[in-house]
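Student: Requesting a structural model of the entry that follows:
(one chain, ligands or ions: 1)
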Amino acid sequence: MPSAWERFKSILLKKKMLPSDTDDCKEFTRSDTQSPIENTLRLLQYIEDGRMPLRDDVLFVKNQLLETSNIHSPPIYYDHDTFGNAFKTAPVYPDFSVKYRKSFSREKTAFIDNIVNAIPDDLVETWQFDIRSFCRATKNRPLSSLSMYLFYREGLITFFDIDPEVLYKFLLRIEHGYLDVPFHNIKHATCVLQGMHMLLKYSEISIDATIHLACYLSAIIHDFEHKGVTNTFLIETEDEIAITHNDISPLEHHHVSAAFKILRRKEFHFLKHLSKAKMERIRSIVVDLVLATDMNNHFDILSKFRSTFEFSQGNVSCSSSTSPTHSDILTSSGDDEQVHEIFNFYVRKKEIDNKLLYSLQMMMKCADLSHFWHDEKNYWDSVYQLEDEFFRQGDLEKMLNTKRITPYFDRDKEGISTKQYEFIKTFVRPLFKNICKVYPKMKYIEKQCIHLQDLPTSPAAHHGSEHNDEFEENNGLDCTKAH
Ligand SMILES: [Zn+2]
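Tutor: Residues are numbered from 1 along each chain as shown. Prediction:
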């Protein structure tokens, strides 16, 4: 069997990234468009062929390696031309609001407009987010573009006096760090950010600008440098990430710590002018929200959320005989408006911190599963992308002779696309149902997930005739409105 290097070398030869044995290649050529690992391997090949590279070329490769945490992707170079020209063909919407522009120079305002104006509002302000259209509108920079759009539209850039160019550099760097894996890539991160935005908006939850920023930042970085394998796999294969984080939520710990290591670098730190206390608050919320996305913590978070709201309900019953019982709130259809009022009453009292934190953790978990409220096409796209990612891990498990192939990860057997009904029933529906009890205006997500749960196990088998009658009304629903 050929070694990994031999296999990689044959790929490089095919792509003409290495001189073939017959090429009369005298010089090593630097390439800005190739990844650090590609340049390194070409340099090693050059030496292996008995040639001596120039010192400048060696330094170039060395610096390229040192400047990135992702040796598999080509570097991004930031210069004014890039910022000025990246979106020059974007359409212009002359009626765009100018309310947040006052503190910027004309150049910076134009810079933001170029990015934000390329995004039609109705692509963002909808429950049925269409990631394909969004990628087209943003020229395949969906995550950085949506982040700039939301930071600007929600007034965070002005409120925190953020330099938009530094913010954009940070966002490009984060976007660049999402690897080319089937599911946990920039498209998924973009869907989660958009989902978080919708949940915050429709929950009508009362949050200040610092929490608002922390929620967006959590969604943006929440799968940063995801390798496309599960925590269990990382632990069983004694991966560097698992060792570093002592087998405790290795992926989630890595996403946060790697992103904060980038943020603290001078050229990317768009929040460096904030007070230490404010920065600590942002960081603490981001850590709590991203760690909440580990499905190992699913039932723990759900039960904390339920018991926190149960506790407040106990107090309410003492003061009002007409209040619903504790189980009415979270397990029956109950009076949603009344639950919301109770929540608002207590949220203003002393328990604000835990209620808010558990609510935001629940929203982050829901946003991470946002494909369960998208339309059928985008939903199945996501399901098959995740299945593909799991199958690839199954292939690795076979190659490495691990103890067993993870159930549903073996491409020779049934994958997760055949088990969606069970997954929705066990995980997604209880999650959506409980949060909708407290925040009834986001009811759309629960209705749509029930609709998807009742679909046949694959889109090919679906002929649109097996909808749950209770939610038949959902078809043709205007998903931009709260229900
Ligand atoms: Zn995720």
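Student: Show the contacting residues for Asp375.
Tutor: Each residue near Asp375 by CB atoms under 8 Å, 6 or more residues apart in numbering is listed here: Gln128, Asp130. For the C-beta atoms, the positions are set from N, CA and C on the backbone; glycine is no exception.
Student: Now the residue nearest to Val181 when sequence neighbours are not counted: which helix or strand?
Tutor: Closest residue to Val181 apart from its sequence neighbours, by CB to CB, 6 or more residues apart in numbering: Gly228 at 3.2 Å. Following DSSP states H and E, one finds Gly228 outside all helices and strands.
Student: just Asp353 next, same as before
Tutor: Assigned by DSSP H and E, Asp353 belongs to helix 352-368.
Student: Which helix or strand lies directly C-terminal to that helix?
Tutor: helix 376-400.
Student: Outside of that next one itself, which residues are in contact with it?
Tutor: 128-132, 181-184, 188, 191, 228-230, 233, 237, 371-372, 374, 404-406, 408-411, 415-417, 420, 452, 455, 458-459, 462.
Student: which stretches of the stretch 201-350 of the chain have low pLDDT?
Tutor: 311-350 (pLDDT under 70).
Student: Flag every residue of it that's near the ion.
Tutor: Asp223 (CB under 5 Å from the ion).
Student: Just say helix, strand or coil for the residue of the stretch 201-350 of the chain found nearest the ion.
Tutor: Among all residues of the stretch 201-350 of the chain, Asp223 sits closest to the ion, at 4.3 Å; criterion: CB to the ion. Following DSSP: H, G, I helix; E, B strand; the rest coil, the label given to Asp223 is coil.
Student: Contacts only, for it.
Tutor: Tyr178, His184, His188, Ala189, Val192, Leu251, His255, Thr293.
Student: Look up phi and psi at it.
Tutor: Dihedral pair for Asp223: phi -130, psi 30, per degrees, to the nearest 10.
Student: how far away is it from Thr293?
Tutor: As judged by CB to CB, to the nearest Å, Asp223 and Thr293 stand 8 Å apart.
Student: any idea which element the residue nearest to Ile211 when sequence neighbours are not counted lies in?
Tutor: Nearest residue to Ile211, sequence neighbours excluded (CB to CB, 6+ apart): Ile285, at 6.3 Å. Per DSSP H and E: Ile285 is located in helix 276-291.
Student: how big is the angle separating that helix from helix 352-368?
Tutor: Counting by axes from the mean of the first three to the mean of the last three CA atoms, to 10 degrees, helix 276-291 lies at 50 degrees to helix 352-368.
Student: So for helix 276-291, what gets flagged as buried?
Tutor: Met279, Arg281, Ile282, Arg283, Ile285, Val286, Val287, Asp288, Leu289, Val290, Leu291 (16 or more other CB atoms under 10 Å).
Student: For it, output the C-alpha coordinates as PDB.
Tutor: What follows is helix 276-291, C-alpha atoms only, in PDB (Å, rounded to 0.1, in the frame of the first residue of the first chain):
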ATOM      1  CA  LYS A 276     -11.700  44.200  31.000                       C
ATOM      2  CA  ALA A 277     -15.000  43.600  32.700                       C
ATOM      3  CA  LYS A 278     -17.000  43.800  29.500                       C
ATOM      4  CA  MET A 279     -14.600  41.500  27.700                       C
ATOM      5  CA  GLU A 280     -14.700  39.000  30.500                       C
ATOM      6  CA  ARG A 281     -18.500  39.000  30.300                       C
ATOM      7  CA  ILE A 282     -18.500  38.400  26.600                       C
ATOM      8  CA  ARG A 283     -16.000  35.700  26.900                       C
ATOM      9  CA  SER A 284     -17.800  33.900  29.700                       C
ATOM     10  CA  ILE A 285     -21.100  33.900  27.700                       C
ATOM     11  CA  VAL A 286     -19.400  32.700  24.500                       C
ATOM     12  CA  VAL A 287     -17.800  29.800  26.500                       C
ATOM     13  CA  ASP A 288     -21.100  28.800  28.100                       C
ATOM     14  CA  LEU A 289     -23.000  29.000  24.800                       C
ATOM     15  CA  VAL A 290     -20.500  27.100  22.700                       C
ATOM     16  CA  LEU A 291     -20.000  24.300  25.300                       C
END
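Student: Name the residues that touch it?
Tutor: 210-211, 213-215, 217-218, 221-222, 249, 252-253, 255-256, 260, 271, 274, 297, 357, 360-361, 364.
Student: Apply 6 Å and report the result again.
Tutor: The contact list for helix 276-291, computed with CB atoms under 6 Å, 6 or more residues apart in numbering, reads Thr210, Ala214, Leu217, Ser218, His222, Ser249, Glu252, His255, Val256, Met364.
Student: now swap in stretch 410-417 and tell me
Tutor: Identification of contacts with stretch 410-417 by CB under 6 Å, 6+ apart yields Val383, Glu387, Phe391, Gly394, Tyr408.
Student: The closest residue to Ile119 other than its chain neighbours: what secondary structure?
Tutor: Excluding the flanking residues, the one nearest Ile119 by CB to CB, 6+ apart is Tyr149, at 5.1 Å. Assigned by three-state DSSP, the conformation of Tyr149 is helix.
Student: What number of residues are in the vicinity of Tyr149?
Tutor: 23 (other CB atoms under 10 Å).
Student: Could you double-check that it sits in contact with Asn117?
Tutor: No: counting by CB atoms under 6 Å, Asn117 is not a contact partner of Tyr149; they are 9.3 Å apart.
Student: Distance of Asp180 relative to Gln34?
Tutor: 15 Å.
Student: And Asn246, by the same measure?
Tutor: Taking CB to CB, one finds Asn246 at 36 Å from Gln34.
Student: Most neighbours of all the contacts of stretch 410-417, which one?
Tutor: Val383 (24 neighbours).
Student: Please, which helix or strand holds the spatially most central residue of the chain?
Tutor: Nearest residue to the geometric centre of the chain (CA atoms, centre = their mean): Ala189, 2.3 Å. In this assignment (DSSP H and E), Ala189 forms part of helix 186-203.
Student: centre of the chain versus that helix, how much separation?
Tutor: For helix 186-203, the separation from the chain centroid amounts to 8 Å (computed by CA atoms, centre = their mean, to the nearest Å).
Student: Could I get the buried residue list for that helix?
Tutor: 186-200, 202-203.
Student: counting contacts, what elements does that helix pack onto?
Tutor: Packing partners of helix 186-203 (3 or more CB pairs under 6 Å, 6 or more residues apart in numbering; DSSP states H and E): helix 142-153, helix 209-221, helix 352-368.
Student: that older thread, now, the most widely separated pair of the contacts of helix 276-291?
Tutor: Among these, the pair separated by the greatest distance (CB to CB) is Thr210 and Ser249, at 24.4 Å.
Student: In terms of neighbours, single out the busier of these two.
Tutor: Ser249 (21 against 18).
Student: give me the number of residues near the closest residue to that one other than its chain neighbours?
Tutor: Leaving aside its sequence neighbours, Ser249 sits nearest to Asp294 (CB to CB, 6+ apart; 4.3 Å). Around Asp294 there are 19 other residues, counting by other CB under 10 Å.
Student: just checking, Asp294 touches Pro250?
Tutor: No: with contacts counted by CB under 6 Å, Asp294 stays clear of Pro250, the gap being 9.2 Å.
Student: Many thanks, we can stop here.
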